[in-house]
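[1] just to be clear, the model below is a prediction. Sequence and coordinates:
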Amino acid sequence: MILGAGRIARALVRQLLAREEYLRQRYTLTLPVAAVANSRYLAAGAPYLGVDELARIAGAGLESGKAAPPDRRARQIAYVTDLARSSPHRAIVVDLTASDGMAPVLLAALDAGFDVAVANKKPLSEDYDTFARLTAHPRGHIGYEATVGAGLPIIHALRALVDAGDELVDLTACLSGTLGYLCTEVEDGRPLSQVVPEARARGFTEPDPRDDLSGADVRRKALIVARTMNQHPELDDVPGMPMIPLEEGGVEEWLAGLGRHDVALAARVRSAREQGDVLRYVARILPGKCEVGLREVPRLSAVGRLRGTDNILTARTRFYGERPLVISGPGAGPDVTAAGVFGDLLRLAFIG
Ligand SMILES: NC(=O)c1ccc[n+]([C@@H]2O[C@H](COP(=O)([O-])OP(=O)(O)OC[C@H]3O[C@@H](n4cnc5c(N)ncnc54)[C@H](OP(=O)(O)O)[C@@H]3O)[C@@H](O)[C@H]2O)c1
């Protein structure tokens, strides 16, 4: 059952349709879709949605079907419970929404003996107890690879280390393509007041770029990485410094006044360069400590060499003590993100 019918969900449905025959031949596996829901509609098959309907959703999203009642989560929980009763197969509930408050739906799925896969960071960045219940449930498993670094194999690699008894020493990561892009443009001498409106026009930022510059999304990702490494922070324990001080008010008015930060930021870029450093918006995770913010990092380090929208994670652990584990590449985009979820679905199907 796929919750969400946006960019990632549609890419995932496309991949499921395109790889149907391959999965059957290679693994004797089928991954039929019982239902797709967005916040307005639920399309459910009897028992599965047909190829034509899935192709329609992959192309245009979900714009018709059974209208969702005002309490759509209660409806989704009821649907999941019904599915558990009626389905001869073990289902996987996939959260591809960007919605708050999905944890009860996912916990209901796990309680019903289903597995869960998510690209939505919000359920895993609620309180630690919810993270623990979702990730160590006695009846089902969760895959959450795409919550951090999109399709990059970060969570799976870190989980494998922790499962094998490895321990965190320190970890540095750039987990926002948008902030990475802004950092490298400013480093190349362009004023932030020019770069931000341009990035916004190209769809690289949220409609209100302050949502990116605040670092809120990076804080959530850092929290998920820290928890995956057996740390137990709450979101409030992760201090987040916005890339620049953020004034309130309407977005156009704020953009018009952005130039007031150009001089200070350019001076910081210059001073970093004189020390052989560059500025990067990084998440730093050490035992008992997790923070995000704009930092000077050595220009010749792996993080310093990162350019543009790519993500990177460098981890020193007991096993990777001499030289760090480095995972890097594009950390956003529908196809790679959906591929991260697809990988989770395969792993869940094999262990389920
Ligand atoms: N885009 C990326 O590159 C990327 C990378 C990594 C992770 N992610 C994560 O992947 C998730 C999906 O991203 P996206 O780009 O596909 O977002 P999107 O295009 O905005 O799609 C979100 C979908 O969720 C639906 N939705 C909202 N609340 C719902 C609810 N309670 N139940 C069922 N459906 C609900 C929306 O339906 P309506 O249209 O009815 O509102 C919409 O179909 C997000 O959590 C995002 O952070 C995205």
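    Now that the structure is in, tell me what you want to look at.

[2] for the rest of this, base every contact and every neighbour count on C-alpha atoms.
    Noted.

[3] residue 130 against residue 122, yeah?
    No. Using Cα atoms under 8 Å, residue 130 makes no contact with residue 122, being 10.8 Å away.

[4] the residue lying closest to residue 237 once chain neighbours are set aside: which element?
    Nearest residue to residue 237 in three dimensions, chain neighbours excluded: residue 290, at 7.4 Å (Cα to Cα, 6 or more residues apart in numbering). Using DSSP states H and E, residue 290 falls within strand 289-298.

[5] what's the following helix or strand after that strand?
    Tracing the chain past strand 289-298, the next element assigned as helix or strand by DSSP H and E is helix 302-305.

[6] looking at the sheet around the residue nearest to residue 237, what are its partners?
    Residue 290 forms beta bridges with residue 285, as assigned by DSSP bridges.

[7] which SS state does residue 280 fall under?
    Here residue 280 is strand, with the state taken from DSSP: H, G, I helix; E, B strand; the rest coil.

[8] would residue 170 count as being in a helix?
    No. According to three-state DSSP, the state of residue 170 is strand, so it is not within a helix.

[9] tell me the contacts of it?
    Taking Cα atoms under 8 Å, 6 or more residues apart in numbering as the contact definition, residue 170 lies against 284-287, 315-317.

[10] got it, and residue 115?
    Applying Cα under 8 Å, 6+ apart, one finds that residue 115 lies in contact with 90-93, 109, 140-142, 348, 352.

[11] for it, what are phi and psi?
    Summarising the backbone geometry of residue 115 under the convention degrees, to the nearest 10, its torsions are phi -100, psi 170.

[12] residues near the residue nearest to residue 237, how many?
    Here the neighbour count serves as a burial measure; for residue 290 (other Cα atoms under 10 Å) it reads 25.

[13] then residue 80?
    If you count neighbours by other Cα under 10 Å, residue 80 ends up with 24.

[14] now a ChimeraX select for only the buried ones of the contacts of residue 170.
    Per 16 or more other Cα atoms under 10 Å, the buried members of these correspond to this ChimeraX selection:
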select :284,285,286,315,316,317
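
[15] which residues sit in contact with the residue nearest to residue 237?
    With contacts defined as Cα under 8 Å, 6+ apart, residue 290 is in contact with 222-223, 226, 233, 237-239, 283-284.

[16] and these, which of them are buried?
    The neighbour count (16+ other Cα under 10 Å) marks 222-223, 226, 233, 238, 283-284 as buried among the contacts of residue 290.

[17] and those residues as a markdown table, adding pLDDT and secondary structure?
    As requested, the buried ones among the contacts of residue 290 are arranged in a markdown table below (pLDDT from 0 to 100; DSSP: H, G, I helix; E, B strand; the rest coil):
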| residue | pLDDT | secondary structure |
| --- | --- | --- |
| 222 | 98 | helix |
| 223 | 98 | helix |
| 226 | 98 | helix |
| 233 | 97 | coil |
| 238 | 96 | coil |
| 283 | 98 | strand |
| 284 | 98 | strand |
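
[18] between the residues you listed, which is closest to residue 152?
    The shortest separation between residue 152 and any of these is 14.9 Å, and it belongs to residue 222 (by Cα to Cα).

[19] for the residue lying closest to that closest one once chain neighbours are set aside, what are its contacts?
    The shortest distance from residue 222 to any residue other than its chain neighbours is 6.0 Å, reached at residue 283 (Cα to Cα, 6+ apart). Residue 283 makes contacts with 171-175, 218-219, 222, 290-293, as judged by Cα under 8 Å, 6+ apart.
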